[in-house]
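Trainee: after the sequence you'll find the predicted model.
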Amino acid sequence: MSAPGWLQRVLGGLPKPPKQVPEDEPPRPLSRDRVGEYLLDRGYKFVVDDDGDLTGTWDGNRFWFLLLGEQQEIVQVRGRWHRVLPLEQRPALALAINDWNRERIWPKAYLREEDGSLALYSEVSADFEPGVSDNQLAQVLACGLGTGVQMFAALDAMLPREGTQPPSDLPDD
C-alpha cells in the first residue's frame, strides 16, 4: 500500500504543488470601504458607529470590523457574546476559554469585566500592510464571523441560563 500524497511530499517523494495565486487579483490597500463591500455583497446588515467602525449583529451577538495600526493596515473582527455572566463564574469561564484557545486557532477568546459582569469577546486579526486581495480579505472576515458565532453558540450550549440547572451525567439518588 502506498503512502498518501501529503506523506510522500513530507518525506521528499513528491514535489510541493505550486501556489495558486490569481495573477489578475493583485493586493490592494485595506480600507473600510472594502470591508463594507464584502458585507454588502453577502447581504449582511451593518451600520457605521460613532467611532467610524462597521458593526452589526449575527445570531444576536455584536461584531465590529476594526481597522487598526498606524496606517489602518490591520483588520480585526471582534465579537461580543450577547450574554453577560456574573463575576462568580469567572473561574469556570476561564477554564472553558483556555480550553477553546488551546484547542483551536480561531478566534482568540477573552473575558472583560464590564459594569460588574463578565463579557466574552472573540477576535480574529490579520496584518495586511503590503495590501490584501479580495479573496484574502474575504477569508479573514468570514473566519472572524464564522468562528466567533461558532464559539458563542458552543458556550451558550454549555452554560445554563440563570435559573436553570446544568446537565448532569450522574443518576438521581
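Mentor: Right, received. Where do you want to start? Numbering: from 1, shown residues only.
Trainee: show me what the helix or strand containing Leu155 is in contact with.
Mentor: In the assignment (DSSP states H and E), Leu155 maps to helix 134-158. Outside helix 134-158, the residues within contact range by Cβ atoms under 8 Å, 6 or more residues apart in numbering are 22, 25, 27, 30, 34-35, 38-39, 58-59, 61, 63, 65, 75-79, 81-83, 96, 100, 104, 106-107, 109, 120, 122-124, 126, 128. Bear in mind the C-beta positions are built from the backbone N, C-alpha and C, glycine included.
Trainee: chain center to stretch 48-61: distance?
Mentor: Distance of stretch 48-61 from its chain centroid, counting by Cα atoms, centre = their mean, to the nearest Å, is 15 Å.
Trainee: quick one: contacts of it?
Mentor: Contacts of stretch 48-61 (Cβ under 8 Å, 6+ apart): 32, 35-36, 39, 44-47, 62-67, 79-82, 145, 148-149, 152-153.
Trainee: now with 7 Å?
Mentor: Stretch 48-61 has contacts (Cβ atoms under 7 Å, 6 or more residues apart in numbering) with 32, 35-36, 39, 44-47, 62-66, 79-82, 145, 149, 152-153.
Trainee: hmm, back to that, could you flag which of the contacts of helix 134-158 are buried?
Mentor: Buried residues within those, defined by neighbour count using 16 or more other Cβ atoms under 10 Å: 30, 34-35, 38-39, 58, 61, 63, 65, 75-79, 81, 83, 96, 100, 106-107, 109, 120, 122-124, 126, 128.
Trainee: which members of those residues are positioned in helices?
Mentor: Residues from these lying in helices, with DSSP state H as the criterion: 34-35, 38-39, 96, 100.
Trainee: could you dump those residues to TSV with pLDDT?
Mentor: What follows is those, written out as TSV (pLDDT from 0 to 100):
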residue	pLDDT
Arg34	97
Val35	98
Tyr38	97
Leu39	97
Ala96	90
Trp100	92
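Trainee: nearest to Glu113, of the residues you listed?
Mentor: Closest approach to Glu113 among those (Cβ to Cβ): Ala96, at 16.6 Å.
Trainee: okay, now the unreliable bits of the protein?
Mentor: 1-24, 160, 162-173 (pLDDT under 70).
Trainee: give me the most central residue, it.
Mentor: For the chain, Gly144 is the residue whose C-alpha lies nearest the centre (Cα atoms, centre = their mean; 3.0 Å).
Trainee: select the longest strand from the protein.
Mentor: Taking DSSP state E as the criterion, the chain has its longest strand at strand 74-86.
Trainee: which strands or helices does that strand pack on?
Mentor: In terms of contacts (3 or more Cβ pairs under 7 Å, 6 or more residues apart in numbering; DSSP states H and E), strand 74-86 is packed against strand 61-68, strand 117-127, helix 134-158.
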